[in-house]
Each structure stands twice: as C-alpha cells, then as structure tokens.
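K.L.:
The sequence and its predicted three-dimensional model are supplied below.
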Amino acid sequence: MFITFEGPDGSGKTTQFHLLVTWLHKKGYPVISTREPGGTDIGEQIRDVLHNPQNTAMDARTEILLYSASRAQHVAQHIRPALAQGKIVVSDRYADSTLAYQGYGRQLDLETLRQITTFATGGLVPDLTLYLDISAQKGLSRRRLGGGEWNRLDAEALEFHQRVRAGYHELVKQEPDRWVIVDAARPIEGIQAEIRATVGEKLEQIKKTRDL
Ligand code: TMP
C-alpha cells in the first residue's frame, strides 16, 4: 500500500507523517517512510540543489525536471521494490506536489506536467493521499515561527501559496476516492487521530479484498 502526505508549506504535514509512521511500526506493519524531493542518495543531492535559496536563477523547466528526476530515482530504487515486498510505503510529498506547486502555483501547463510525471513514475499512483489543509497565511506564518529550513519555495509571494492551496482543492475534486482532506488548523493529537482512523480503515478494506 502506498500512502502519500500532501499540503501547503506549514500545514504540519511532516509532523503528522512521522507520528503515523511510528504508529504503523508499533502496530507491527512492515512500513518504510520516505520523502520528496529526496528519498534516495541521488534524490537528496537533487533536493539540495532545488532548495538552496541561492539558486534564484533556476528556470521553471529546470525545476520541474529536477523534481521529476528525484521522483524517477525514488520510484525505481525505493518505492516499487518496497511495494513488491508487500510493504506499506509512506511518503512525505509525491507527484501531486508537482501539479500543485509547478502547475497551479507557477501556472505551467498541467497536461505537460502530467506527461512528465507519468514518464518519471511509470504511472505509479498512491492508494491514499492525505491532504493537510491550511490557509496560505497561516501556513507561512507557522513556517516563519517554526525556525525550520526556509527554502526557495517558502520565499515565494503569498499569492503563489494561495494558488497552490486552490490547486490542491482542484486535485481533490478530480480524484475524490484517492484523497482525504484533513483540517490542519487544529491541535496535533486530533489531526493524528483522524489520520490513524482513515489509514486503519483503508488497511481493513485492503485486507478484506485480499481475503476474498
Ligand atoms: P518540504 O520538504 O518542506 O515539504 O518542502 C518541499 C518543498 O518543495 C515545498 O515547498 C514544496 C516543493 N515541491 C515542489 O514545488 N514540487 C514538487 O514536486 C515537490 C515534491 C516539492
């Protein structure tokens, strides 16, 4: 089973991702956790280039291809082999981030992005995508106060982050069976409880179809 976390910057997605992975481990599931960009040695090197705030000269096409290159390596080296061994793979961001950030955020052609993404992933789509929803203003102020990594995309204008959020809402509408929206403007524990319930249900569903 392949689970992804998506959401605007400052949605608390990474915290929730770690809590879910720890819970799945404790429950005895074979689980691997990973992230994008990154997830492999090559991918982490690409991540450094992508997120370096000094790389202000980066062209939008370069950006797309670097995210996609990291993803291609991630799928081939890490995700597909783990899924083939029957593991649960949980990734902090995946291909939907390219559609939300480069597609809706940078307003690049969505059809082209979908084609590049299909090429990079060989068509691998998550079974479940947890979308942590927060307003762009709240997300950005959390990022500033949080004191974590401040990357090239955090530095974009508020309108960019507003388009990213609206883009995520579009993506949810297009594939409502795959996505679950989680209100991220709440205390951590309540959000995590909802996420565990959703994932638990999905695991039960998968178990049942295998028993049939
Ligand atoms: P994060 O690790 O803090 O989630 O940061 C990843 C950043 O990279 C975030 O600003 C979103 C951005 N991103 C894209 O723009 N496109 C992509 O395809 C991916 C995976 C991430």
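P.N.:
On my side now, so go ahead.

K.L.:
Please make it C-alpha for all contacts and neighbour counts, starting now.
P.N.:
OK.

K.L.:
Go ahead and flag the most central residue of the protein.
P.N.:
With distances taken as CA atoms, centre = their mean, Arg93 lies nearest the centre of the chain, 1.6 Å away.

K.L.:
so Thr34 makes contact with Tyr94?
P.N.:
No: when contacts are counted by CA atoms under 8 Å, Thr34 is not listed as touching Tyr94 (9.9 Å).

K.L.:
Pull the number of nearby residues for Met1.
P.N.:
Using other CA atoms under 10 Å, Met1 is surrounded by 17 other residues.

K.L.:
quick one: contacts for it?
P.N.:
Leu83, Gly86, Lys87, Ile88, Val89, Pro126, Asp127 (CA atoms under 8 Å, 6 or more residues apart in numbering).

K.L.:
would you list the residues you listed in CSV and tack on secondary structure and pLDDT?
P.N.:
Shown next, in CSV, are those (DSSP: H, G, I helix; E, B strand; the rest coil; pLDDT from 0 to 100):
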residue, secondary structure, pLDDT
Leu83, helix, 97
Gly86, coil, 96
Lys87, coil, 97
Ile88, strand, 97
Val89, strand, 98
Pro126, coil, 98
Asp127, coil, 96
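
K.L.:
Out of those, flag the one nearest to His74.
P.N.:
The closest of these to His74 turns out to be Val89 (CA to CA; 11.6 Å).

K.L.:
Could you pull up the contacting residues of the closest one?
P.N.:
Val89 neighbours (CA under 8 Å, 6+ apart): Met1, Phe2, Ile3, Val31, Ile32, Ser33, Thr34, Ile79, Ala82, Leu83.

K.L.:
Which single one of those residues is nearest to Trp150?
P.N.:
Nearest member of those to Trp150, counting by CA to CA, is Thr34, at 20.1 Å.

K.L.:
quick one: low-confidence parts of the protein?
P.N.:
147, 211-212 (pLDDT under 70).

K.L.:
residue in it nearest to the ligand?
P.N.:
Across the chain, the shortest distance to the ligand (CA to the nearest ligand atom) belongs to Thr98, at 3.5 Å.

K.L.:
so what's that residue up against?
P.N.:
Ile64, Tyr67, Leu113.

K.L.:
Am I right that it falls within a helix?
P.N.:
Yes: under DSSP: H, G, I helix; E, B strand; the rest coil, Thr98 falls within a helix.

K.L.:
Get me the contact residues on the protein for the ligand.
P.N.:
9, 36-37, 67, 93-95, 97-98, 101-102, 153-154 (CA under 6 Å from any ligand atom).

K.L.:
got a list of what the residue nearest to the centre of the chain touches?
P.N.:
Counting by CA under 8 Å, 6+ apart, Arg93 has contacts Thr4, Phe5, Glu6, Arg35, Glu36, Pro37.

K.L.:
from those, which ones fall inside strands?
P.N.:
Thr4, Phe5, Glu6, Arg35 (DSSP state E).

K.L.:
In TSV, list these along with neighbour count.
P.N.:
Formatted as TSV, the ones in strands among the contacts of Arg93 follow (neighbours: other CA atoms under 10 Å):
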residue	neighbour count
Thr4	24
Phe5	24
Glu6	25
Arg35	20
